[in-house]
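Undergrad: the following block contains a protein sequence and its predicted model.
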Amino acid sequence: MTVLGRCFCGQAAFSVSAMPLTARICWCRDCQYLGGGTGLASLAFPSAALAVRGALSWFRSTADSGNVMERGFCPACGTPLFSKTDARPHLIFIRAGALDDLELMAPEMTIWTSSAPSWARIAQDIPRIAGQPKPPEVR
């Protein structure tokens, strides 16, 4: 199966030749900025399975976990698409909203709940992690 997605304007598109390893909603402060104030839903894939068409811009920053993160986005419309870190080069996280199929995988956990605002609605039927969980294993 091939997973497809794109940015809002369509100038950056991608395909992934693997199924997701996990899906998470993150409430770290960085993701709140990127998500416009909400938690950010992302799916993890093996990075080697990703192919990108079109230009991307990358922004480097240090996350609350201490990892140096790179976040890829469309330079034309600004859509956040990817995040990656040198600490886990075998993984790429893709923003759920960029996927063509939003039903591909439901979130399996909510992370960085300790950073969520009091009004956040965090699902009670999946695990809630206060900080950074262990990375998913590539299968």
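TA: Everything's here; your move.
Undergrad: so, low pLDDT: which residues of this structure?
TA: 139 (pLDDT under 70).
Undergrad: recalculate using a threshold of 50.
TA: For the chain, no stretch has pLDDT under 50.
Undergrad: and the contacts of stretch 89-99?
TA: Stretch 89-99 has contacts (Cβ atoms under 8 Å, 6 or more residues apart in numbering) with 3-7, 14, 16, 21, 23, 40-48, 50, 79-84, 102, 135-136, 138. C-beta coordinates here come from the backbone N, C-alpha and C atoms, glycine included.
Undergrad: contact partners for the residue most central in space within the chain?
TA: By Cα atoms, centre = their mean, the chain has its centre lying nearest to Ser42, at 3.2 Å. By Cβ under 8 Å, 6+ apart, Ser42 lies in contact with 23-24, 26, 83, 93-96.
Undergrad: just the CA trace of the helix or strand hosting it, in PDB.
TA: Per DSSP states H and E, Ser42 falls inside strand 40-46. Extracted in PDB, the C-alpha atoms of strand 40-46 (Å, rounded to 0.1, in the frame of the first residue of the first chain):
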ATOM      1  CA  LEU A  40      -0.900  18.100  16.900                       C
ATOM      2  CA  ALA A  41      -1.700  14.700  15.400                       C
ATOM      3  CA  SER A  42       1.200  12.900  13.600                       C
ATOM      4  CA  LEU A  43       1.900   9.500  12.300                       C
ATOM      5  CA  ALA A  44       5.400   7.800  12.400                       C
ATOM      6  CA  PHE A  45       6.700   6.100   9.400                       C
ATOM      7  CA  PRO A  46      10.100   4.600   8.400                       C
END
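Undergrad: after that strand, next one along is what?
TA: Downstream of strand 40-46, the next assigned helix or strand under DSSP H and E is strand 50-53.
Undergrad: good, wrapping up.
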